[in-house]
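In: Let's see this in three dimensions:
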Amino acid sequence: MSKNVIYSANAPDPVGPYSQAIQAGNLLFVSGQVAIQKSSGNVITGNIQDETHQVMKNLGEILKAANLDFSNVAKCTIFLKDMNNFPLVNDVYGSYFAKQPPARETVEVSRLPKDVNVEISCIAVK
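Out: Numbers count the residues shown, from 1 in each chain. So this is what the prediction gives:
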């Protein structure tokens, strides 16, 4: 099975030694995304809903680079700095999965890269 790096110029560059996504066979493993705006390089952290939308936009751009979209997502992991934000993040997240939402877990963590409040990764199927 071959392994290919997937890169979107419309999503933020990785902040460490990892790829935005790796395609292995018919699976796409998308690295955790945070709310960095590609155009400005700014990190969105003032409002959890806006932050979550930016995370989902970044995921969407990477999926698009692999000729996929949110309907192909089979699994997500959400990392939250504060589980009290769960209902707000859940509402935004859910708006990207109108039908057949993927499997998912949500975990609270003590800290995330760039001191963001939410990070989301996903696995998609071609």
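In: any idea which element Phe79 lies in?
Out: strand 73-80 (DSSP states H and E).
In: Mind giving me the packing neighbours of that strand?
Out: Packed against strand 73-80 by the contact rule (3 or more Cβ pairs under 8 Å, 6 or more residues apart in numbering; DSSP states H and E) you find helix 86-94, strand 103-108, strand 118-125. For the C-beta atoms, the positions are set from N, CA and C on the backbone; glycine is no exception.
In: Rebuild those as CSV, extending it with mean pLDDT.
Out: Written out in CSV, the entries for those read as follows (pLDDT from 0 to 100):
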stretch, mean pLDDT
helix 86-94, 98
strand 103-108, 98
strand 118-125, 98
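In: Just say which of those is most tucked in.
Out: Across the helices and strands packed on strand 73-80, averaging neighbours per residue (mean count of other Cβ atoms under 10 Å) puts strand 118-125 on top, at a mean of 21.
In: Would you mind pulling the contact partners of that strand?
Out: Contact with strand 118-125 is made by 26-35, 48, 51-52, 55-56, 59, 63, 66, 68, 72-81, 85, 89, 93, 102, 112-113, as judged by Cβ atoms under 8 Å, 6 or more residues apart in numbering.
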